[in-house]
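Undergrad: One predicted model, sequence on top.
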Amino acid sequence: MKKLITMSVMALAVFAIQGCHNGPKSATETADSLNKTKDTTTNPAATGGIAVNSDDAKFATNAFEGSMAEVALGKLAVQKTTNEKIKNFANMMITDHGKANDTLAVIAKKKNITLPTAVSPDDQKTMDSLSTKSDGDFDKAYVKGMIDGHKQALKLFQDEAKNGKDADLKAFAAKVAPTVQMHLDAITKIKAGMK
């Protein structure tokens, strides 16, 4: 009973604190906030503690949100592009990043990590902007975004594979990093072949 009361008070405190901030939080920020309240390394008395440290939890939320964006952008590209190479790449994004997120979701559940439920506001702006572009303009913007995004994702996964503390997340990052590198190489090759 004491645990239930403590959990209820903590949940109310989280919502109260979130209500004090100006503007809405992104799904990733909300997940990070929830994970911080569960972090047993800084709050050992809390119930429902997270099974990893805050850096590993932050990696999980960032990786999950990034892969959600890759899938959503891939679906948009499949609809908008007439370039067969970009369409094939976009389908690869949907498949590979979808599988990565399925695997990460299983790990997160086991580790009691809250993951974001939607793409970030920045990624949503990118999708909104891309959806208004047509033909070559869409292709150029999509390819540029994929190169930039995969460079960031590669660094994120390589850093976790090297410096992560949680063995499962570290192994996940090490397994996914070569796929992200392959994506970066593929989209860079596509860009080189564009006029």
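TA: Yep, it's here. Numbering: from 1, shown residues only.
Undergrad: Going by C-alpha atoms from here, please, whenever you check contacts or count neighbours.
TA: Will do.
Undergrad: residues touching A105, list them.
TA: Taking Cα atoms under 8 Å, 6 or more residues apart in numbering, we find A105 in contact with L115.
Undergrad: and it, how far is that from N53?
TA: According to Cα to Cα, to the nearest Å, A105 and N53 sit 17 Å apart.
Undergrad: Not counting its own residues, what contacts stretch 73-92?
TA: With contact meaning Cα under 8 Å, 6+ apart, stretch 73-92 is reached by 93-94, 127, 131, 134-135, 138-139, 142-143, 186-187, 190.
Undergrad: Among those, find the lowest-pLDDT one for me.
TA: Scanning those for pLDDT, the low point is D135. It has 81.
Undergrad: tally of neighbours for that one?
TA: Residues lying near D135 (other Cα atoms under 10 Å) number 11.
Undergrad: cool, and the one 10 residues further on?
TA: Burial of G145, expressed as a neighbour count using other Cα under 10 Å, amounts to 17.
Undergrad: Where does it fall, secondary structure wise?
TA: helix 135-163 (DSSP states H and E).
Undergrad: Next secondary structure after that helix?
TA: By DSSP H and E, the next helix or strand past helix 135-163 is helix 167-192.
Undergrad: Next, the angle helix 135-163 makes with that next one.
TA: On the basis of axes from the mean of the first three to the mean of the last three Cα atoms, to 10 degrees, helix 167-192 is oriented at 150 degrees to helix 135-163.
Undergrad: For N91, give its distance to E65.
TA: As for N91, its distance to E65 is 18 Å (criterion: Cα to Cα).
Undergrad: neighbour-wise, which of the two wins?
TA: A side-by-side neighbour count of N91 and E65, using other Cα under 10 Å, places E65 first with 22 against 17.
Undergrad: Give me the spatial nearest neighbour of that one, chain neighbours excluded.
TA: Using Cα to Cα, 6 or more residues apart in numbering and skipping residues adjacent in sequence, the residue nearest E65 is V119, 5.7 Å away.
Undergrad: Look at the residue nearest the centre of the chain and give its secondary structure.
TA: Nearest to the mean C-alpha position of the chain, counting by Cα atoms, centre = their mean, stands E65 at 2.1 Å. Secondary structure, DSSP: H, G, I helix; E, B strand; the rest coil: E65 is helix.
Undergrad: Can you read off the pLDDT for it?
TA: 94.
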